[in-house]
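K.L.:
make a model of this:
(one chain, ligands or ions: 1)
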Amino acid sequence: MSYDDVKTSGKPIPKGLQECIPDYRDIHEVDVPNYTDEQHGTWALLMENQSKVLPNRACSEFLEGLNAIEFPRDRIPKLRDISDSIEKHTGWTLMRVDGLVPDKEFFTLLAEKIFPSTDFIRERSEIGYTPSPDMFHDLLGHVPLLINPRFTAFFEKFGKAGVEAFRRGHPGIKMLPRLYWYTVEFGLIKNPEGLRIYGSGIVSSPNEVLYSLSDEPKKIPFTVEEIIQKPYDIWKMQTELFVIDSFEQLEGDFEAWCVKEKLL
Ligand SMILES: [Fe+2]
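P.N.:
As a prediction, the model looks like this:
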């Protein structure tokens, strides 16, 4: 049987996924877990904690996305509902995954405008910190910017560049995860009101929100060339953070680097 024959919820599997992620399933075909009251309570507590610290610290683009998505405050949302909300704005959708996705598959999903999200919530004892990203990180951290067309324009190019890097065995295979770390996960941005956060690793953690805008981590103007040479440590608070002027700069500088490297 060819994958062209397989339909999911009436939609064909995106062409780019057919070889790389043959077990791709449309989000509407995935069963929703039966969460316990305690798990819904964990989500509510995380939402309450973050809603106290994000105003005036997260960037305006993120906060606009957060308002538009209207995450439930007292219960865990269904991935399919969040996916439908995103799709109305930018055409991006979610795919349910068990956990971290290997880089090649991750790039392929992004190139197809699909963001992978887990559907499990951290233990109550891990409210402040969880070693493996859970659905609170994936949804609250990443989704608000997935409805911002300027950010998604960058994100789609990032995925396509990664696919091309793997196809050619280009060193971008090692460089692009660094760029992802210092922008998508831990990036800061200059808003007209001042320095703000857009990195999902920061916005989904109360401790990181306060720490990132303190004097402690060094703030460095964003350049692709510097970031792609800089390794990162996932187990420590970040000592250096990169600051973009705008999402236009992020997209424009990244595209220029990709063109130079023949990745786009
Ligand atoms: Fe993340």
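
K.L.:
could you list the low-pLDDT ranges of the stretch 1-150 of the chain?
P.N.:
1-10 (pLDDT under 70).

K.L.:
what helix or strand does the nearest residue to P171 once chain neighbours are set aside sit in?
P.N.:
Excluding the flanking residues, the one nearest P171 by C-beta to C-beta, 6 or more residues apart in numbering is A165, at 7.6 Å. For glycine as for every other residue, the C-beta is placed from the backbone atoms N, C-alpha and C. Using DSSP states H and E, the element containing A165 is helix 149-168.

K.L.:
and that helix, how far out from the chain middle?
P.N.:
The chain centre lies 13 Å from the centre of helix 149-168; the measure is C-alpha atoms, centre = their mean, to the nearest Å.

K.L.:
quick one: buried residues of that helix?
P.N.:
151-166 (16 or more other C-beta atoms under 10 Å).

K.L.:
wasn't F242 part of a strand?
P.N.:
Yes: assessed with DSSP: H, G, I helix; E, B strand; the rest coil, F242 lies in a strand.

K.L.:
on that earlier part again, and the next helix or strand past the helix holding A165?
P.N.:
Taking DSSP H and E, what comes next after helix 149-168 is helix 172-180.

K.L.:
that following helix - contacts with which helices or strands?
P.N.:
Applying 3 or more C-beta pairs under 8 Å, 6 or more residues apart in numbering; DSSP states H and E, we find helix 172-180 packed against helix 103-111, helix 149-168, helix 224-227.

K.L.:
who are the packing partners of the helix or strand that comes right after the first one?
P.N.:
The one in question is helix 103-111. Per DSSP H and E, the first helix or strand lying C-terminal to helix 103-111 is strand 114-117. Contact here means 3+ C-beta pairs under 8 Å, 6+ apart; on that basis strand 114-117 packs against helix 79-90, strand 93-96, helix 103-111.

K.L.:
CA atoms of the shortest one as PDB?
P.N.:
The C-alpha atoms that make up strand 93-96 are tabulated as PDB, following Å, rounded to 0.1, in the frame of the first residue of the first chain:
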ATOM      1  CA  THR A  93      -1.100  22.000  13.700                       C
ATOM      2  CA  LEU A  94       0.000  19.800  16.500                       C
ATOM      3  CA  MET A  95       1.100  16.100  16.500                       C
ATOM      4  CA  ARG A  96       1.000  14.000  19.700                       C
END
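
K.L.:
before we move on, the earlier item: dump the residue contacts of the residue nearest to P171.
P.N.:
107, 171-173, 176, 263 (C-beta atoms under 8 Å, 6 or more residues apart in numbering).

K.L.:
and the contacts of stretch 118-137?
P.N.:
Identification of contacts with stretch 118-137 by C-beta under 8 Å, 6+ apart yields 30, 32-33, 35, 38-39, 41-43, 45-46, 49, 76, 79, 96-100, 117, 138, 141, 200-201, 204-207.

K.L.:
run the chain-centre distance for that stretch.
P.N.:
That offset, for stretch 118-137, works out to 15 Å (C-alpha atoms, centre = their mean).

K.L.:
so which bits of it are buried?
P.N.:
Residues of stretch 118-137 classed as buried by neighbour count (16+ other C-beta under 10 Å): 118-122, 130, 133-137.

K.L.:
now these as CSV including distance to S83 and secondary structure?
P.N.:
As requested, the buried residues of stretch 118-137 are exported to CSV (distance: C-beta to C-beta, whole Å; DSSP: H, G, I helix; E, B strand; the rest coil):
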residue, distance to S83, secondary structure
T118, 14, coil
D119, 11, coil
F120, 17, coil
I121, 17, coil
R122, 21, coil
T130, 22, coil
P133, 17, coil
D134, 17, coil
M135, 12, helix
F136, 16, helix
H137, 17, helix
